[in-house]
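# fold the stuff below for me.
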Amino acid sequence: MSGWRGLIVPVVLLLLGEAAFRVFGYVGDTLAPPSAIFRGFAEAIGDGTMVTTTLQTFATVLGGTVIGAAFGLVVGCALGFWNLLYRFTYITIECLRPIPSVALLPLSLMIFGFGYKMEIAIVGFATAWPFLILTYSAISQVEPRLLEVAKVFGFGPVGTAWKLVLPAAAPRLMTALRLCIGIALVVAVTSEIVSNPQGLGHELMIAQETLRPHRMLAYLVLVGLIGWGLNNLLLWLQTRMFRHRGEVDTEVAA
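As a prediction, this is how the structure comes out:
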């Protein structure tokens, strides 16, 4: 985090944008000056839609991330411990992983219908693969002497994973979680824009269809702020958890 210095560029851009609208006097149905966007925020908060839709999107982001991360963690651990299993499933994983999650919207819609289940399934599919790959990579790079210690103490696969391997791989797993949260937000909003009538994405489309660019841009800015806030929250947690080990992400400032 860069502190107040990180605010310089957005503040300057806001001022330049407001000045450009006032100098050139542009009026249209596609863009709005920053002052109008702030008014859009106030309107959406005042009528309650911004709070409601934000909670809806949060629910799908968190639900899908938990499911995807749990699946990726379990399968990634299994692949990391049993190389033979990795060899048998490599082609299957590499065929499924590149499928765009949005391409599964029609299938998910047919199975679950509109609502949280459909969107959580799509988000879970999208977040499972990065967590699986990074978990497998983290476990593969664990110091071999840790595994020797596990054998000496008589730990089984589950005990070895829980007591030695996962704590050693925790910094990389936190990075995987940060990546998955960003992907989950993108996929959730995209699903709401394309087919699911709830959440920030749907409200953004409603504002666009009703020719209210100031409100549409307010929701667009909110999505960016949510992504920034979630990433910084996880960076803060990573700093507190792993600073003593010298394995803090380089993006974290003092």
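
# helices along this structure, start to end?
8-24, 34-46, 49-81, 83-96, 105-112, 116-140, 144-152, 157-160, 166-194, 199-209, 213-242 (DSSP state H).

# ranking those helices by burial, who's on top?
Most buried of the helices of the chain by mean neighbour count (mean count of other CB atoms under 10 Å) is helix 116-140; its value is a mean of 23. Heads up, the C-betas are built off the backbone N, CA and C, glycines and all.

# circling back: can you list the helices of the chain in a markdown table and add mean pLDDT?
Formatted as a markdown table, those follow (pLDDT from 0 to 100):
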| stretch | mean pLDDT |
| --- | --- |
| helix 8-24 | 82 |
| helix 34-46 | 87 |
| helix 49-81 | 90 |
| helix 83-96 | 86 |
| helix 105-112 | 87 |
| helix 116-140 | 88 |
| helix 144-152 | 72 |
| helix 157-160 | 70 |
| helix 166-194 | 86 |
| helix 199-209 | 89 |
| helix 213-242 | 87 |
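
# report the contact partners of Ser137.
Counting by CB atoms under 8 Å, 6 or more residues apart in numbering, Ser137 makes contact with Arg172.

# again, only this time at 6 Å
Ser137 makes no contacts at all, as judged by CB atoms under 6 Å, 6 or more residues apart in numbering.

# same thing with the one 5 residues further on?
The neighbourhood of Val142, defined by CB under 6 Å, 6+ apart, consists of Val165, Ala168.

# distance of it from Ile193?
41 Å (CB to CB, to the nearest Å).

# next: Ala207.
In terms of CB to CB, Ala207 sits 11 Å off from Ile193.

# same deal with Thr54?
For Thr54, the distance to Ile193 - CB to CB - is 15 Å.

# one more: Gly17?
24 Å.

# dump the residue contacts of the nearest residue to Ala128 once chain neighbours are set aside.
Computed as CB to CB, 6 or more residues apart in numbering, the closest residue to Ala128 that is not its neighbour in sequence is Gly68, at 4.0 Å. By CB under 6 Å, 6+ apart, the residues touching Gly68 are Gly124, Thr127, Ala128.

# I'd guessed the first one sits against Gly64; true?
Yes. Checked against CB atoms under 6 Å, the pair Gly124 and Gly64 is within contact range at 4.5 Å.

# now the contacts of Gly68 as CSV including distance to Met241?
What follows is those, written out as CSV (distance: CB to CB, whole Å):
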residue, distance to Met241
Gly124, 25
Thr127, 21
Ala128, 23
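
# so which of those is the closest to Arg178?
Thr127 (11.3 Å; CB to CB).
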